[in-house]
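**Student:** sequence unavailable; structure follows:
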DNA sequence: AATCCCGTTGCACAGCATTGCAACAATATG
DNA sequence: CATATTGTTGCAATGCTGTGCAACGGGATT
């Protein structure tokens, strides 16, 4: 305590300082913090004592320098504050910390340049891997990361030659279409954003495909953004463009909430006049004001898949890239009309408790 | 390209490799990437050429090792997926990246042990500073971080001797009380969580204090969690416990949404029967289904204050700790009854433009 | 032509921790 | 008592980069 006066330069306590105080060599300090290393109990105690007195913590950065393992994992995303992204970030961060990694989050735009910068930054920090929650890096950067042996993992975006984990967009669209079909609807509509991500585009196209295959002519409306306001905007344009739909598929929940609110404000009853299905199952979907029927993507499941890909990839850097699909699950709430009472149980879909 | 074959061990390209390819010493490579260093134009070009061919990026970790600046900033939080936290994380992450820092997010529980672990982890990674979005580290850890010269910044939590930035909870509560007062209400109520954080407790106490000072007897209900379900639970208990309130202050928006939904379901009209005010102003508050009157804490403002504290603290590690307060702003929407048409303009509060 | 000066460049060390190797002491064994 | 064995411990090298210092080469100056 007495000599514990501020080390002035804001320097971290080093192993050297501990060694001097304990009267041993730097190696001994290192061994004292390495499980299984050969060290006498007495020395161990002296070192630990000195370490706690000085407040020493091993420098994992320097340790990583030697082992070539920084334990940093980059998370690059845009719109980190949107509900689903936030859930993803929380789940990934938790899973990575359990794996004793340190998640570094780069929240930026979706410009090719933004993404390239983020990727370069993560390369300079020797991140062990980079996970893209939105967008994907330009080809040139992919080449560079490959040269540097830094694995890249994409979420909900396929890219040949890269590891990826994505939900079964097509199957989700099919479940949505079938559930809406069962209401006896005939005027189908889809709400999406302009320039949709591959995943959003897949949902729209698959849904439209099923509708057409069943002899319907779905209308498709695209708003500027895939958020609440975008949902409102799309719903407004949808109503203005012709007869109101009786079945609406929104490519994500946020747009569904906006659409729902606009439809209700316009005097339409949900689900009596129009049934609505969203995608993601963010927590808000369960709130009393919405009770949205939607397709669940489980963030913890995704995080688990990402971690397992990470394990595999680090164990064997040269194994062929994998593409993990995980299923989406229809969560039935109250925005889809029930035609026959018995049908609910019959088709064996899961009903949200409460 | 030809010789670009995989370097096998997943090793990052080092300056050594670039030096060999360019036929210069490693120092030259270092200088080629240090602005203002003494290097001949020809050599610079050769080095850059070799670097791009190999896909070399400077190792910022090793650079930081030398300069004793890791540029890592720790963000420790719980409930990273709740709307307000997500906004904070997004804003902080953005502000830090602009400052060319790398934000590492540790999303964990609120146990003293969890927090201590997170802090220790960040210490081992030589984070330049740690920002606590929720909770605060135990005294013993604070001492250790001080010894290691790692600054600690708390958000919405005061702790003597530590830098902190917080909103003016008391003023917010006052604004809420005054706005509710103007409706002519007499049965005031507050919704909070059990074991509230200091900030939530301050809001509750201040509000209750103002109510008592004005001769009212506010009822206070606390639920298990400060989320949507907690809001519903609290509202249910509130209605069960006696006559319905006509003015309700919820210590955060999430609880306000739950309360609102429960009140409406119970047949009460908002704002005619009961006025409701929240705290935070998360994006959902502006949605048509809620249109919640609430007190805004601007995440970007908070992030800016954090960065400026960071600048100051790193420039002068020994300057006395600062406590920055930022104002909260009443955003008037539609959950508070308007008594006289003219009063809205008169008291000069800001009205949210749709 | 000799000298001086300046721009370049390499050497070597610093910064922090891990680890193989060798030296050392202490103990067990014949 | 001598030798083999085992456990500790320090030295030195390693991983990667930045930088002070000295050496070196070449052009300008006298």
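**Tutor:** Nice, I can see it. Only a predicted model underlies this, so the values are computations on that prediction, with no experimental measurement involved. Residues are numbered from 1 along each chain as shown, chains lettered A, B, ... in the order given.

**Student:** close to DNA strand D: what parts of the stretch 1-150 of chain A are there?
**Tutor:** Where the stretch 1-150 of chain A comes near DNA strand D, counting by CB under 7 Å from any atom of the strand, the residues are A:24-28, A:31, A:38-43, A:62, A:65-66, A:68. In short, each C-beta sits where N, CA and C put it, glycine included.

**Student:** can you list the residues of the stretch 101-250 of chain A near chain B?
**Tutor:** With the criterion set to CB under 8 Å from any CB of the partner chain, the stretch 101-250 of chain A comes near chain B through A:102-108, A:120-121, A:123-126, A:143-150, A:228, A:232.

**Student:** those in helices, which ones?
**Tutor:** A:120, A:121, A:123, A:124, A:143, A:144, A:145, A:146, A:147, A:228, A:232 (DSSP state H).

**Student:** closest to DNA strand D among the residues you listed?
**Tutor:** residue A:124 (9.0 Å; CB to the nearest atom of the strand).

**Student:** and for the closest residue in space to the closest one that isn't next to it in sequence, the neighbour number?
**Tutor:** Nearest residue to residue A:124, sequence neighbours excluded (CB to CB, 6 or more residues apart in numbering or on different chains): residue B:60, at 4.4 Å. Summarising burial for residue B:60: neighbours were counted as other CB atoms under 10 Å in any protein chain shown, giving 20.

**Student:** which ones are touching the residue nearest the centre of chain A?
**Tutor:** With distances taken as CA atoms, centre = their mean, chain A has residue A:88 as the residue nearest its mean C-alpha position (3.4 Å). Each residue near residue A:88 by CB atoms under 8 Å, 6 or more residues apart in numbering or on different chains is listed here: A:77, A:133, A:155, A:299, A:302, A:303.

**Student:** that one: helix or strand, and which one exactly?
**Tutor:** helix A:83-98 (DSSP states H and E).

**Student:** which of the residues in that helix are buried?
**Tutor:** Within helix A:83-98, the residues that qualify as buried are A:83-97, counting by 16 or more other CB atoms under 10 Å in any protein chain shown.

**Student:** quick one: average confidence on it?
**Tutor:** Helix A:83-98 shows a mean pLDDT of 97.

**Student:** please report how far residue A:33 lies from residue B:125.
**Tutor:** 15 Å (CB to CB, to the nearest Å).

**Student:** neighbour-wise, which of those two wins?
**Tutor:** Neighbour count, other CB under 10 Å: between residue A:33 and residue B:125, residue B:125 has more, with 22 against 18.

**Student:** residue A:213 versus residue A:177, what's the distance?
**Tutor:** Taking CB to CB, one finds residue A:177 at 9 Å from residue A:213.

**Student:** swap that for residue A:97, sorry
**Tutor:** 46 Å.

**Student:** and residue A:259, by the same measure?
**Tutor:** 24 Å.

**Student:** more neighbours: which of the two?
**Tutor:** Neighbours around residue A:259 and residue A:213, counted as other CB under 10 Å, are more numerous at residue A:259. The numbers are 30 against 9.

**Student:** contact partners for that one?
**Tutor:** Contacts of residue A:259 (CB under 8 Å, 6+ apart): A:191, A:231, A:232, A:234, A:235, A:238, A:248, A:250, A:276.

**Student:** the helix or strand containing it to helix A:83-98, inter-axis angle?
**Tutor:** Under the criterion DSSP H and E, the helix or strand holding residue A:259 is helix A:253-265. Here helix A:253-265 runs at 150 degrees with respect to helix A:83-98, directions being taken by axes from the mean of the first three to the mean of the last three CA atoms, to 10 degrees.
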